[in-house]
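S.K.: output the structure for:
(2 chains)
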Amino acid sequence: MASPNTAPGTGTGSASGHPDNAPGHAGSPFAYAPAPESRSVVDIAPSYGLFVDGEFTEAAGGKVFKTVAPATEEVLSEVAQAGEEDVDRAVRAARKAFEKWSALPGSARAKYLFRIARIIQERSRELAVLETLDNGKPIKETRDFDVPQAAAHFFYHAGWADKLAHAGLGPDPRPLGVAAQVIPWNFPLLMLAWKIAPALATGNTVVLKPAETTPLSALFFADVCRQAGLPKGVVNILTGDGSTGAALVSHPDVDKVAFTGSTEVGKAIARQVAGTRKKVTLELGGKGANIVFDDAPIDQAVEGIVTGIFFNQGQVCCAGSRLLVQESVADELIDALKRRLTTLRLGDPLDKNTDIGAINSAQQLAKIRELTGIGEAEGAERWSPECELPSSGYWFAPTLFTGVAQAHTVAQEEIFGPVLSVLTFRTPDEAVAKANNTPYGLSAGVWTEKGSRILAVADRLRAGVVWANTFNKFDPTSPFGGYKESGYGREGGRHGLEAYLDV
Amino acid sequence: MSTSTPSPLAGVASSDSTLRRFLHGLPGVDPVGLEARAAALGTRSIKTTAKAHAIDLAISMIDLTTLEGADTPGKVRSLAAKALRPDPSDRSAPMTAAVCVYPDMAATARAALGDADVKVASVATAFPAGRAALDVKLADVRSAVAAGADEIDMVIDRGAFLAGHYLDVYEEIRAVRAECTGHVRLKVIFETGELSTYDNIRRASWLGMLAGADFIKTSTGKVGTNATPANTLLMLEAVRDFRAQTGTQVGVKPAGGIRTTKDAVKYLVLVNETAGPDWLTSHWFRFGASSLLNDLLMQRQKLRTGRYSGPDYVTVD
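M.R.: You can find the predicted model right below:
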């Protein structure tokens, strides 16, 4: 990322939408002045090629597409659209690199991973700003979550690289070969880390396709690989749309497919690779239930609910998008939740005090609008705090639906936005039955001060991760993945290694 | 100066068992979640005009404190002078909210402050341990009030609280409250470091408010753990919920260990986003502090002049 950034600034003025009565805003006695992170810390080139065999090259077809800042709709850069020919070239580069890379002692691979982790830390400010610009999420999240977690994944897997024989996966687990990895736009850099770190630690080489709307941090990462001196061809990055991803996963010389994204695309990939030798892991959608019992720590539960559904504007596959609250505390909890939502600060994602940023794309915004429209039409009661939205960019106010029934669309379909559906229950059995009554099974939360209840309920929830008295907590040591239509395979922890090894 | 229990909670303190049932029926506190929320609010970035506003607000909320065995009338007079005119080089710096002294120094403080709008706060009730007979504690309060204290900072009987004798603690606060005649406001100190758990701090907060506290205060400054962002956040939640239930507003005073402008601003953010802007005045929020004032003044000078002058450009007391 060398060339100077000539694009106009995402000023703080156009994207600040705090209501006058929100704490810290003009009108309140203690107004928070704008505190924007400087976007000049990162250089964005006017155009980027594909990263294949250690070099940036044009796409064979010469096609390009634009990536925009969701908060302002400003065009950030133009990136290459990889076609089948490019996919083939990248897979061949990865195959060629695999021979030497997989033959390296684990300690030598670890050295590169440690180096990458440290470079991510050293360049964390650039990465945080870049990710915020391209994705639309608040700088406090990229700064405090996405980037540190990405570094943590590389550190963690660097540690495994020379200890694979002790991972409980047999005495000499072997890498699979070339991994085709397709990642989503909600955590562009972090999902890249979840995919690339274990693949490299276990001796595989990689062709990764970032999401169409968020290619920039992956291209930045290509530069990090070069800076770390990673051998050519070990990591290849192809930008493009769904057709690029489809070409990549169906390439005959790919040994492993790892996908994170929608259940719809996940199913298509499963069909595509059925009957081949390719090993597959899919991490798909969710409709996580956050269950609040009457003996919950209410103030912390409110925070957990907010983190569960408004973290990253709710564009999180494991979001706690269904709140199941025990009827006896429902009114109290909903009042507390509404009061808390009025303090959320929506606006310029680069402002360090912003809690809610922009929706990632016009397409996603349209989907959220459509599903919330259906929610209203079906009779659920809609509520949002008073919230002025910026005039340009893709924005959606934090939204609650109360009086939601299990039969409502907003209780069933994944909205992937800042929209919480509130349902009530009377008994633990009813809570578990409702929580499990979904085709998905990625995440769930249990809120109670009673330890025995946590264990009993968690045991019966069919979800890949169950959080107790917290939500959306992540750690590289902890395996993550789904039940049912939320996918299969695990990422992170010892279990995550297995997905990249022949055991 | 109402001393009657607000009606929605009538009967709660009619016996030890009703009081116990009520306090133990309050929602539990998850320590990890509470501390995470306090830390998250600590990342708010308060700059430029917001920072200038926060610094002046914080100065105006300080109970400028000296609580030493070595206190003398001279020391108290110089503290009073500092409270009245914190920055001799800049008359626009606001006065502090109060000076906080031992009861035997209250008269000296009163005389030094004259008619100025800086309150005299006096600790009492055998501060800091509170280990004395009730009539001794009440005599302590009476002497402070007679000496002209506007505010009484009492300590609760932590021993009774930890033994589960909530009604004893309640009755003692009521008895002290009854001695706070006229416009004297009562601050109730829990010594959160000795209560040890957040559940206890929440129960003590409600107990204090039910008994008629005008302020609830974290600590004496005399034990290892004093005010923290987490225990202050918890007490802010308590006063917020108490007002919602009863209509009665109660103030909060974190004390001990708040030494820097950065810390003070974090506490103001906690107030702003938890209890809300209604608490952002010296009538409802105080800092129990001494060295904090000079750091605020140095930061204030830096904001105004663009230069950081250092400790020799503010007065030591």
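
S.K.: the strands in chain B, which residues?
M.R.: Applying DSSP state E to chain B gives strands spanning B:62-65, B:98-101, B:119-123, B:151-155, B:185-189, B:215-217, B:251-253, B:287-289.

S.K.: so who does residue 78 touch?
M.R.: As the question left the chain open, I've gone with chain A. A:Glu78 makes contact with A:Pro46, A:Ser47, A:Tyr48, A:Val64, A:Phe65, A:Lys66, A:Thr67, according to CB atoms under 8 Å, 6 or more residues apart in numbering or on different chains. (Glycine included, C-beta is placed from N, CA and C.)

S.K.: hm, I was asking about chain B
M.R.: Per CB under 8 Å, 6+ apart, neighbours of B:Ser78: B:Asp317.

S.K.: next, count neighbours for the closest residue to B:Ser309 other than its chain neighbours.
M.R.: Distances taken as CB to CB, 6 or more residues apart in numbering or on different chains place B:Gln301 nearest to B:Ser309, at 5.7 Å, with adjacent residues excluded. Counted with other CB atoms under 10 Å in any protein chain shown, the neighbours of B:Gln301 add up to 20.

S.K.: got it, and B:Lys262?
M.R.: Using other CB under 10 Å as the criterion, B:Lys262 is surrounded by 12 other residues.

S.K.: centre of the chain to stretch A:320-336, how far?
M.R.: 26 Å (CA atoms, centre = their mean, to the nearest Å).

S.K.: near chain B at all, it?
M.R.: No: Stretch A:320-336 does not reach chain B (CB under 8 Å from any CB of the partner chain); its nearest approach is 8.5 Å.

S.K.: list the contacts of the residue in chain A positioned nearest to chain B.
M.R.: Residue of chain A nearest chain B, by CB to the nearest CB: A:Gln300 (3.1 Å). For A:Gln300, the contact set (CB under 8 Å, 6+ apart) comprises A:Trp447, A:Asn469, B:Val29, B:Asp30, B:Gly33, B:Leu34, B:Arg37.

S.K.: pLDDT score for it?
M.R.: Reported pLDDT at A:Gln300 in the predicted model: 98.

S.K.: and it, what element?
M.R.: Using DSSP states H and E, A:Gln300 maps to helix A:298-310.

S.K.: downstream of that helix, the next helix or strand is which one?
M.R.: Next along from helix A:298-310, by DSSP H and E: strand A:322-326.

S.K.: and that following strand, what other elements does it pack with?
M.R.: strand A:289-292, strand A:419-425, helix A:428-436 (3 or more CB pairs under 8 Å, 6 or more residues apart in numbering or on different chains; DSSP states H and E).

S.K.: do the first one and chain B meet at all?
M.R.: No: using CB under 8 Å from any CB, no contact is recorded between strand A:289-292 and chain B, whose separation bottoms out at 10.8 Å.

S.K.: B:Arg20 against B:Tyr166, yeah?
M.R.: Yes: counting by CB atoms under 8 Å, B:Tyr166 is a contact partner of B:Arg20 at 5.7 Å.

S.K.: higher neighbour count, the two?
M.R.: With neighbours defined as other CB under 10 Å, B:Arg20 and B:Tyr166 compare such that B:Tyr166 has more, 24 against 15.

S.K.: now do the same contact list for the more buried one.
M.R.: Contacts of B:Tyr166 were listed using CB under 8 Å, 6+ apart, and they are B:Asp16, B:Leu19, B:Arg20, B:Leu23, B:Ala160, B:Arg203, B:Leu207.

S.K.: and the pLDDT for the residue of chain B found nearest chain A?
M.R.: Nearest to chain A in chain B, going by CB to the nearest CB, is B:Gly33, at a distance of 3.1 Å. Here the pLDDT value assigned to B:Gly33 is 98.

S.K.: residue numbers of chain B in contact with chain A?
M.R.: Counting by CB under 8 Å from any CB, the residues of chain B close to chain A are B:27-30, B:32-34, B:36-37, B:43-51, B:53-54, B:57, B:237, B:268-269, B:272-273, B:276-277, B:280-281.

S.K.: the closest residue to A:Thr260 other than its chain neighbours pairs with what?
M.R.: Distances taken as CB to CB, 6+ apart place A:Glu283 nearest to A:Thr260, at 4.3 Å, with adjacent residues excluded. On the basis of DSSP bridges, A:Glu283 takes part in beta bridges with A:Thr260, A:Gly487.

S.K.: before we move on, back to that, just the buried subset of the contacts of A:Gln300, please.
M.R.: Among the contacts of A:Gln300, those buried by neighbour count (16 or more other CB atoms under 10 Å in any protein chain shown) are A:Trp447, A:Asn469, B:Val29, B:Asp30, B:Gly33, B:Leu34, B:Arg37.

S.K.: returning to what we had before: please work out which of the helices and strands packed on strand A:322-326 is packed deepest.
M.R.: Ranked by mean neighbour count, these are led by strand A:289-292 with a mean of 29 (mean count of other CB atoms under 10 Å in any protein chain shown).

S.K.: other SSEs contacting it?
M.R.: Other elements packing on strand A:289-292 under the criterion 3+ CB pairs under 8 Å, 6+ apart are helix A:298-310, strand A:322-326, helix A:428-436, strand A:443-447.

S.K.: how about low-confidence regions in chain B?
M.R.: Counting by pLDDT under 70, chain B shows low-confidence ranges at B:1-7.

S.K.: which residue lies nearest the spatial centre of it?
M.R.: B:Lys253 (2.4 Å; CA atoms, centre = their mean).

S.K.: residue 313: how many residues sit nearby?
M.R.: Reading this off chain A. A:Gln313: 33 surrounding residues under other CB under 10 Å.

S.K.: that answer is for a different chain, and I need it for chain B
M.R.: 14.

S.K.: that one against B:Gln301, yeah?
M.R.: Yes: counting by CB under 8 Å, B:Tyr313 does reach B:Gln301; the two are 6.7 Å apart.

S.K.: quickly list what's touching both of these two.
M.R.: Shared contacts of B:Tyr313 and B:Gln301 (CB under 8 Å, 6+ apart): B:Ser89.

S.K.: circling back: make TSV from the contacts of A:Gln300 and add distance to A:Ala431 to it.
M.R.: What follows is the contacts of A:Gln300, written out as TSV (distance: CB to CB, whole Å):
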residue	distance to A:Ala431
A:Trp447	11
A:Asn469	15
B:Val29	22
B:Asp30	19
B:Gly33	20
B:Leu34	24
B:Arg37	25
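
S.K.: mind checking which of those residues are in helices?
M.R.: B:Gly33, B:Leu34, B:Arg37 (DSSP state H).

S.K.: what sits closest to A:Cys225 if chain neighbours are left out?
M.R.: In space, and not counting its chain neighbours, A:Cys225 is closest to A:Val235: 5.0 Å by CB to CB, 6+ apart.

S.K.: could you do A:Val306 as well?
M.R.: Here the residue nearest A:Val306, using CB to CB, 6+ apart, is A:Arg340, at 6.0 Å.

S.K.: please apply the same query to B:Val101.
M.R.: Counting by CB to CB, 6+ apart, the nearest residue to B:Val101 once its immediate chain neighbours are dropped is B:Ala109, at 5.2 Å.

S.K.: ok, residues contacting the host helix or strand of A:Glu126?
M.R.: If you go by DSSP H and E, A:Glu126 is part of helix A:124-135. Contact with helix A:124-135 is made by A:1, A:10, A:37-39, A:41-42, A:44, A:67, A:69-71, A:76, A:120, A:137-139, A:142-143, A:146-148, A:150-151, A:185-186, A:188-189, A:213-217, A:220, A:349-350, A:357, A:360, as judged by CB under 8 Å, 6+ apart.

S.K.: give me the helices and strands touching the helix or strand following that helix, please.
M.R.: Downstream of helix A:124-135, the first helix or strand assigned by DSSP H and E is helix A:139-141. Counting contacts by 3+ CB pairs under 8 Å, 6+ apart, helix A:139-141 is packed against helix A:124-135.

S.K.: quick one: mean pLDDT for stretch A:71-87?
M.R.: Rounded mean pLDDT across stretch A:71-87 is 98.
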